[in-house]
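In: predicted model and sequence follow; I will ask about them next.
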Amino acid sequence: MRVLLTGGTGFIGSRVLPLLKEHEVLCLSREPAKLPRRHGMEAITADLGRDGDWINETVRFQPEWCLHLAWEGLPDYSLERCRTNLDAGLRLIGAVARSGVRRMVVAGTCAEYGRASGAVSEESVPIDRGFCAATKHAQLNVLEAVARDAAFSYQWARIFFVYGPGQMQGSLIPSLRASYTTGQKASIRTPDAFRDFVYVEDVASALVSLVSSDVPSGVFNVGSGQPTSVGHVANLAAEYYDMPRPIKHPPVECPPGGDGFWADTHRLCAATGWRARIGIKEGVAKTLKALDGK
């Protein structure tokens, strides 16, 4: 298959690329020199926020599948940054529609559910979305309309709390490592909060399963489906470094109405057969080992 990919140098996209080795791939990137070189893969310079040669190249390539993972500027969630990314996404959707694509998978975010609590399904009603989530949802609305008009299928992947080697340094696990490796006590503001931590390689395989499976258009949660407290993750990292557990008795279950939400993944699993393979203990250890350069 011919696959168009954006975000190939990113945290998730760099894990997606190896899973597409049997396909012909065109990568659109601001920095194509950072992408690996292999037979059957082409990378071109593209600023999705502006019209350019990349539009004609996309139409020429005639991708059968498209994976749109690019989102510039994180962790900048300002309105201006979100608007820039929305413009880029809409420009890409237009180019892809003209190319005759069969299926488009776009990375959404669990933040689209707003201040949710407990297990959330794709039909859950959001409460108080922020700028980034509202912008993502606006892109989804346009994608749905364009896909219907241009007769291609789309899958919107709402990705939960993805972690792993290469994540932003200010994220939970790199922050814990920074404390433990210098003998400091970790500062944990919300040890009782529950999150759906999903390992980055599992997310990559979920995205590829969506784009390569004959599934109906719609929204799909991408998460482990398992609630885990922040305190438990802090303890796992402490144990890895033989440090005292900072949280003596982390909560095992999130109480009704508590601080936390996680993915109901039944739709994704039923449609593709995908399952998250890497549990939180193994994932934390793999992440810390990679961060330590081992």
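Out: Sure, I can see it. Please read all numbers here as calculations on a predicted model, not as lab measurements. Numbers count the residues shown, from 1 in each chain.
In: the closest residue to V284 other than its chain neighbours and S212, how far apart?
Out: With sequence-adjacent residues excluded and distances taken as C-beta to C-beta, 6 or more residues apart in numbering, V284 is closest to L236, at 4.5 Å. Heads up, the C-betas are built off the backbone N, CA and C, glycines and all. From L236 across to S212, the span is 33 Å (C-beta to C-beta, to the nearest Å).
In: the two - which one has more neighbours?
Out: L236 (21 against 17; other C-beta atoms under 10 Å).
In: enumerate every residue touching that one.
Out: If a contact means C-beta atoms under 8 Å, 6 or more residues apart in numbering, then L236 has 280-281, 284-285 as its contacts.
In: export the helix or strand hosting it to CSV, keeping only CA atoms.
Out: Element membership of L236, judged by DSSP states H and E, is helix 230-240. C-alpha atoms of helix 230-240 as CSV (Å, rounded to 0.1, in the frame of the first residue of the first chain):
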residue,chain,number,x,y,z
VAL,A,230,0.0,8.4,39.8
GLY,A,231,1.3,7.3,43.2
HIS,A,232,1.7,3.7,41.9
VAL,A,233,3.8,4.9,39.0
ALA,A,234,5.9,6.9,41.4
ASN,A,235,6.5,3.8,43.5
LEU,A,236,7.4,1.7,40.5
ALA,A,237,10.0,4.3,39.5
ALA,A,238,11.4,4.4,43.1
GLU,A,239,11.7,0.6,43.2
TYR,A,240,13.6,0.6,39.9
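In: how far away from the center of its chain is it?
Out: On the basis of C-alpha atoms, centre = their mean, to the nearest Å, helix 230-240 sits 23 Å off its chain's mean C-alpha point.
In: counting by contacts, list what the helix or strand just after it packs against.
Out: Sequence order places strand 261-263 as the next helix or strand after helix 230-240, per DSSP H and E. Using 3 or more C-beta pairs under 8 Å, 6 or more residues apart in numbering; DSSP states H and E as the contact test, the elements touching strand 261-263 are strand 118-120, strand 194-195.
In: what is the shortest one packed up against?
Out: Strand 194-195 makes packing contacts with strand 228-229, strand 261-263 when contacts are defined by 3+ C-beta pairs under 8 Å, 6+ apart.
In: how does it look with 6 Å?
Out: For strand 194-195, there is no helix or strand it packs on, judged by 3 or more C-beta pairs under 6 Å, 6 or more residues apart in numbering; DSSP states H and E.
In: and whichever helix or strand comes after that strand, which strands flank it?
Out: For strand 194-195, the following helix or strand on the C-terminal side (DSSP H and E) is strand 197-199. Neighbouring strands of strand 197-199 in its sheet, by DSSP bridges, are strand 161-163 (parallel).
In: does the nearest residue to A111 once chain neighbours are set aside sit in a helix, a strand or a coil?
Out: Nearest residue to A111 in three dimensions, chain neighbours excluded: A133, at 4.1 Å (C-beta to C-beta, 6+ apart). At A133, secondary structure determined by DSSP: H, G, I helix; E, B strand; the rest coil is helix.
In: all helices of the stretch 1-150 of the chain, in order?
Out: 13-16, 53-61, 79-98, 131-150 (DSSP state H, counting those that start in this stretch).
In: quick one: mean pLDDT over the shortest one.
Out: So that's helix 13-16. In this model, helix 13-16 has a mean pLDDT of 96.
In: that helix - contacts with which helices or strands?
Out: Helix 13-16 packs on helix 200-212, going by 3+ C-beta pairs under 6 Å, 6+ apart.
In: tell me what the helix it packs on is packed against?
Out: helix 13-16, strand 103-109, strand 153-159.
In: next, the buried residues of the last one.
Out: Meaning strand 153-159. 153-159 (16 or more other C-beta atoms under 10 Å).
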